[in-house]
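Q: test case, fold it:
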Amino acid sequence: MTDTRIEKDSLGEIEVPTDSYYGAQTERARQNFPVSNLRFPRRFIAAMGLIKREAAVVNAETGIVEKRLADAIVQAAEEVIDGKHDKDFVVDIFQTGSGTSTNMNTNEVIGNRAIEILGGTIGSKSPVHPNDHVNAGQSSNDTIPTAIHVSAYSAIAEDLEPALEVLAKSLGRKAEELDDVVKIGRTHLQDAVPVRLGQEFSGYAQQVKNGIDRMEAARTRLAELALGGTAVGTGLNARPGFADRVIARIAERTGHPFRPAPNKFEALAAKDACVEASGALKTVAASLRKIANDIRWLGSGPRCGIGELNLPALQPGSSIMPGKVNPVIPESVIMVAAQVMGNDTTIGISGMLGNFELNVMMPVLAYNLLQSIDLLANASRMLAEKCIDGLKPDRKRAEELVEQSLALVTSLAPRIGYDKAAKVAKTAYAEGRTVREVCEELDVLPKEELEEALDARKMTEGGIL
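A: Numbering: from 1, shown residues only. Below is the predicted model:
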């Protein structure tokens, strides 16, 4: 049986585990919300610790909090930033929509640890009080949205965009490496005119580069922080200049250009910046899904599929079919894309639940937003390093499919007319022969002119052959 201590809050006494740094309000929330066992991720907890740390410094400088207490709060908050107390962040994601329970979880952990540092009794709220000292100048309503923006911005800039850069470069290298491989193009899942593998991969690389641009644009609004709005946006109980100074310190500490939101009422009531960022994440997910699925199909086979690409063999693919190897990395990426799409729906709905002065779905919004960033960052690196880098073309297969394609007649149309070219294609299809064979039999063009018109490599360079 867990040993407990008695703590008090405005509702009275409650038993709290003796070995915990959290207090009464956290324990009530832990008991009230046994919903999912989902918790805020590491980056969010670190952001909360950072806000409390820099607030304590500014509160000490302005005389709101005694320096001795502030120093202990700073030390405790630094430990939260470093992840030393993650086990004490126990509140479920599906809690009060403002995230008040998690804000108080943070205040209590930091407050009790600061009390311990100062030689006091944990749970006594003396000499450090979770509300009066740790939360001074703040409200859950401005700290939670601030933590969402700080953690999401940092995760995009430090994790996702670098991972996308890795993927874009990998695809770019592969585009150069495969540029001499001529293959058949496909539109509507039907044979189309020839294209080079390098050209296909250059399109994939551009998709990822565009995704980086989209994420950079979304970060612009995430850099705006709600801190200073306190309860409803008016800034009640926060000294003038408090939030600006705290935000400046957060910007200096992180190296990111955080700034006060130009309108605190918007910053508290709406979550449009998060919805915008999620939209960009959804677009990146769509790009990765397209790339991964194309590669999965191009590598299908090995004998009875398209088979123009050979994917790295990473693990056995079947418990019953010996020797089978599956495109496991593309499939993993496709599932990530599906999850991000689902998260975007949740975030979009959450963003609409700004009732008057406050959004009341911030915890689930934060969880889904940060999960999407994390998933896409990990999937991008995985796709690059475990799939794209090791791709090899099957040149013989690509050549065979080009020669068999009926779409080769396309380059003949300017020379012999659309109708006659269509007749060649239909004849070749009906008789199971190649376009070249039918053209030679029907003598549609002189031999040299026919060879020039059916040069698959030249077809990939545009113009009229």
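Q: low pLDDT regions in the protein?
A: Scanning the chain with the threshold set as pLDDT under 70 gives 1.
Q: which residues in it form strands?
A: Ranges of strands within the chain are 4-9, 12-17, 182-187, 190-196, 224-225, 259-260, 309-310, 354-355, 358-359, 392-393, based on DSSP state E.
Q: quick one: these as a markdown table, columns for distance to residue 166 and mean neighbour count too.
A: Where C-beta positions appear, they are placed from N, C-alpha and C, glycine not excepted. Below are these laid out as a markdown table (distance: least, Cβ to Cβ, whole Å; neighbours: other Cβ atoms under 10 Å):
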| stretch | distance to residue 166 | mean neighbour count |
| --- | --- | --- |
| strand 4-9 | 48 | 16 |
| strand 12-17 | 43 | 15 |
| strand 182-187 | 26 | 20 |
| strand 190-196 | 24 | 18 |
| strand 224-225 | 29 | 25 |
| strand 259-260 | 29 | 16 |
| strand 309-310 | 20 | 21 |
| strand 354-355 | 36 | 14 |
| strand 358-359 | 34 | 24 |
| strand 392-393 | 20 | 16 |
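Q: quick one, which of those is nearest to residue 336?
A: strand 309-310 (20.6 Å; Cβ to Cβ).
Q: how far does the closest one sit from its chain's centre?
A: 28 Å (Cα atoms, centre = their mean, to the nearest Å).
Q: ok, and what's touching it?
A: Strand 309-310 has contacts (Cβ atoms under 8 Å, 6 or more residues apart in numbering) with 197, 295, 298-299, 302, 391-394.
Q: farthest pair within the residues you listed?
A: Maximum distance among the contacts of strand 309-310 (Cβ to Cβ): 17.3 Å, for 197 and 302.
Q: who's more crowded, these two?
A: Neighbour count, other Cβ atoms under 10 Å: between residue 197 and residue 302, residue 197 has more, with 24 against 14.
Q: wait, isn't the more buried one in contact with residue 295?
A: No. With contact defined as Cβ atoms under 8 Å, residue 197 does not count as touching residue 295 (10.9 Å).
Q: got JSON lines for the strands of the chain, with distance to residue 147 too?
A: Below are the strands of the chain laid out as JSON lines (distance: least, Cβ to Cβ, whole Å):
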{"stretch": "strand 4-9", "distance to residue 147": "22"}
{"stretch": "strand 12-17", "distance to residue 147": "24"}
{"stretch": "strand 182-187", "distance to residue 147": "47"}
{"stretch": "strand 190-196", "distance to residue 147": "47"}
{"stretch": "strand 224-225", "distance to residue 147": "9"}
{"stretch": "strand 259-260", "distance to residue 147": "15"}
{"stretch": "strand 309-310", "distance to residue 147": "43"}
{"stretch": "strand 354-355", "distance to residue 147": "17"}
{"stretch": "strand 358-359", "distance to residue 147": "14"}
{"stretch": "strand 392-393", "distance to residue 147": "46"}
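Q: nearest to residue 127, of the ones you listed?
A: Using Cβ to Cβ, the nearest of the strands of the chain to residue 127 is strand 4-9, at 16.0 Å.
Q: tell me what the closest one is packed against?
A: strand 12-17, helix 24-32 (3 or more Cβ pairs under 8 Å, 6 or more residues apart in numbering; DSSP states H and E).
Q: quick one: contacts of the longest one?
A: With Cβ under 8 Å, 6+ apart as the contact definition, helix 24-32 has outside contacts at 7-9, 11, 13-17, 88, 90-92, 95-96, 101, 104-105, 108-109, 130.
Q: equivalent analysis for stretch 111-120, please.
A: With Cβ under 8 Å, 6+ apart as the criterion, stretch 111-120 contacts 21-23, 68-69, 72-73, 75-76, 79, 85, 121-130, 133-134.
Q: mind giving me the ChimeraX select for those residues, buried ones only?
A: Per 16 or more other Cβ atoms under 10 Å, the buried members of these correspond to this ChimeraX selection:
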select :21,22,23,69,72,73,75,76,79,85,122,123,125,127,128,129,130,133,134
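Q: surely residue 366 and residue 45 touch.
A: No. If you go by Cβ under 8 Å, residue 366 and residue 45 don't touch, sitting 10.9 Å apart.
Q: neighbour count: these two, which is higher?
A: residue 366 (29 against 24).
Q: got the contact list for the closest residue to that one other than its chain neighbours?
A: Using Cβ to Cβ, 6 or more residues apart in numbering and skipping residues adjacent in sequence, the residue nearest residue 366 is residue 148, 4.6 Å away. Listed by Cβ under 8 Å, 6+ apart, the contact partners of residue 148 are 44, 47, 271, 274, 362, 365-366, 369.
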